[in-house]
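Novice: starting from these lines, generate the structure:
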Amino acid sequence: MLPKANGKKIDYTMFILVILLVIFGLVQLYSSSAYNGRVKFHDSAYYFKKQLFATSLGLMAMYLVSCMDYHWLAKLAPYAYLLSMALSTAVLFFGDEINGSKRWLSLGPLSFQPAEFAKVAVILFLAYMIDRTEKKTTGIFFMGKVMLWILPIVGLVGSNNLSTAIIILGIAIILIFISNPKYLQFIGLGAAGIGFVSIFLAMESYRLERLAIWRNPEAYDKGFQTIQGLYAIGSGGIFGQGLGSSLQKLGFVPEAQNDMIFSIICEELGLAGASFLIIIFALLIWRLMVISTHAEDLLGAMIAVGIMGHIAIQVILNIAVVTNTIPNTGITLPFISYGGTSVLFLLSEMGLALSVSRNQKK
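Specialist: Residues are numbered from 1 along each chain as shown. Purely as a prediction, here's the structure:
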């Protein structure tokens, strides 16, 4: 039974789209990870079981959040933002380093990525602050103020996770753009954003190396993953090799269940399967736009826009990386790639959007 508030139902269309993505993701994750699980842990369902557990928690979180009043949750936004900054700082000093990246915090037997929580905290915080300055959302001063609010967390997260920092920065820019009726100032904001990203790229040599690999992956050993991913996409054809029949996941595409899972989808399900997934994402983004348009107040509209921006940016960047349209940034595909923290907070975001949908204007 889907929750109601004051007799109002949540957005059924969006709910169904989310469930479709969750089911598709679990099926494809098992297919993509079975070989790695069997080789590394002697259990072909190792990754699937962990993802299923995180997804179950996420679905419960989605239900609970959808039952809450988003106005009440927004009041907690400043504290959530400060907590995200504290957790991101803790990662720098106490984080666990995996595959050369320090992005995880361990609390006993559990580990999670604070950067995933930061995305939700930023969406709520910016929506809350923009709502409070409803009559002053024009001009360079407003844009600069919003960027000053968000740059601390962008800097903390970007020091060890540039891809997530780019997503957070993108969410902020989208929220500024939607709330500001004037467009000329965005030329300056775009130039500042490009400059900021350029500085971050230049701070670490491995980031500049990624640009070189992107331009000519055949010339570098680290371009192996990109090349194998393209092989997987090309061999899928129109209808694919069949679910579970991928050859590239057998060690050719490293950690196929993570960032490069879209290439395995293309190989197994072909252009048809990949197109189906992209259409589902597009419909989800459309529903979030509808929820934003019909929200009862600016706060609800900004929350839905922030979530829409997050999903859109992450999907576009992941597919662009897999197809080698842009340099490799280590961005996962929402609801599909392996990652317990990611799916938990993504589903919590969906609960937040469903909460906004219960209070739509007709």
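Novice: how is the residue nearest to L333 when sequence neighbours are not counted assigned, secondary-structure-wise?
Specialist: In space, not counting the residues next to it along the chain, L333 is nearest to N318; the distance is 4.5 Å by C-beta to C-beta, 6 or more residues apart in numbering. All C-beta atoms are positioned from the backbone trio N, CA, C, and that covers glycine. Three-state call for N318 (DSSP: H, G, I helix; E, B strand; the rest coil): helix.
Novice: surely N318 meets I331?
Specialist: Yes: with contact defined as C-beta atoms under 8 Å, N318 reaches I331; the gap is 4.9 Å.
Novice: what sits against I238?
Specialist: By C-beta atoms under 8 Å, 6 or more residues apart in numbering, I238 lies in contact with G270, L271, A272.
Novice: now the residues you listed: which count as buried?
Specialist: Using 16 or more other C-beta atoms under 10 Å as the burial test, the contacts of I238 include G270 as buried.
Novice: which residues are in contact with each of N318 and I331?
Specialist: D259.
Novice: please name the residues that touch G273.
Specialist: Applying C-beta under 8 Å, 6+ apart, the residues contacting G273 are G236, F239, G240, I265, C266.
Novice: you'd agree the first one is up against E268?
Specialist: Read that as G236. Yes: here G236 reaches E268: they are 6.9 Å apart, a contact under C-beta under 8 Å.
Novice: now do the shared contacts for the two.
Specialist: Between them, G236 and E268 share no contacting residue, judged by C-beta under 8 Å, 6+ apart.
Novice: neighbours of A90, how many?
Specialist: 13 (other C-beta atoms under 10 Å).
Novice: what residues are up against it?
Specialist: So A90 contacts L105, P114 (C-beta under 8 Å, 6+ apart).
Novice: what's the pLDDT at it?
Specialist: For A90, the pLDDT comes out at 84.
Novice: check the secondary structure at it for me.
Specialist: helix.
Novice: any idea how far it is from P114?
Specialist: 7 Å (C-beta to C-beta, to the nearest Å).
Novice: list residues touching both of the two?
Specialist: L105.
Novice: helix or strand for the most centrally placed residue in the chain, which one?
Specialist: Geometric centre of the chain, nearest residue: Q314, 4.6 Å, by C-alpha atoms, centre = their mean. Counting by DSSP states H and E, the element that carries Q314 is helix 298-322.
Novice: list the helices and strands that helix packs on?
Specialist: helix 70-75, helix 114-132, helix 162-179, helix 261-293, helix 340-357 (3 or more C-beta pairs under 8 Å, 6 or more residues apart in numbering; DSSP states H and E).
Novice: contact partners of the longest strand along the chain?
Specialist: Scanning the chain for the strand with the most residues, using DSSP state E, yields strand 101-107. The contact list for strand 101-107 (C-beta under 8 Å, 6+ apart) reads 87, 90-92, 94-96, 98, 111-115, 160-161, 330.
Novice: try it again with 7 Å
Specialist: Strand 101-107 has contacts (C-beta atoms under 7 Å, 6 or more residues apart in numbering) with 87, 90-91, 94-96, 98, 111-115, 160-161.
Novice: compare the residues you listed and tell me which is most surrounded.
Specialist: A115 (27 neighbours).
Novice: how many neighbours does G144 have?
Specialist: Counted with other C-beta under 10 Å, G144 comes out at 14.
Novice: can you check I326 too?
Specialist: Neighbours around I326, by other C-beta under 10 Å: 16.
Novice: what pLDDT does it get?
Specialist: Looking at I326, its pLDDT reads 81.
Novice: circling back: the residue nearest to L333 against T332, yeah?
Specialist: Yes: between N318 and T332 there is a contact under C-beta atoms under 7 Å: 6.5 Å.
Novice: now the residue nearest to the centre of the chain: how far from T332?
Specialist: Q314 is 7 Å from T332, by C-beta to C-beta.
Novice: joint contacts of these two?
Specialist: In contact with both Q314 and T332: no residue, using C-beta under 7 Å, 6+ apart.
Novice: TSV for the contacts of I238, including pLDDT and distance to E296?
Specialist: Shown next, in TSV, are those (pLDDT from 0 to 100; distance: C-beta to C-beta, whole Å):
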residue	pLDDT	distance to E296
G270	92	43
L271	93	41
A272	94	40
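Novice: give me the neighbour count for S179.
Specialist: S179, neighbours per other C-beta under 10 Å, totals 22.
Novice: the bottom helix or strand of the protein by mean pLDDT?
Specialist: strand 4-5 (a mean of 49; mean pLDDT, DSSP states H and E).
Novice: hang on, the earlier thing: got the CA coordinates for the longest strand of the chain in PDB?
Specialist: Only the C-alpha atoms of strand 101-107 are listed here, as PDB (Å, rounded to 0.1, in the frame of the first residue of the first chain):
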ATOM      1  CA  SER A 101      41.200   6.300  -3.500                       C
ATOM      2  CA  LYS A 102      40.400   7.400   0.100                       C
ATOM      3  CA  ARG A 103      36.600   7.600  -0.100                       C
ATOM      4  CA  TRP A 104      35.200   5.300   2.600                       C
ATOM      5  CA  LEU A 105      34.700   5.600   6.300                       C
ATOM      6  CA  SER A 106      34.400   2.500   8.500                       C
ATOM      7  CA  LEU A 107      32.100   2.300  11.500                       C
END
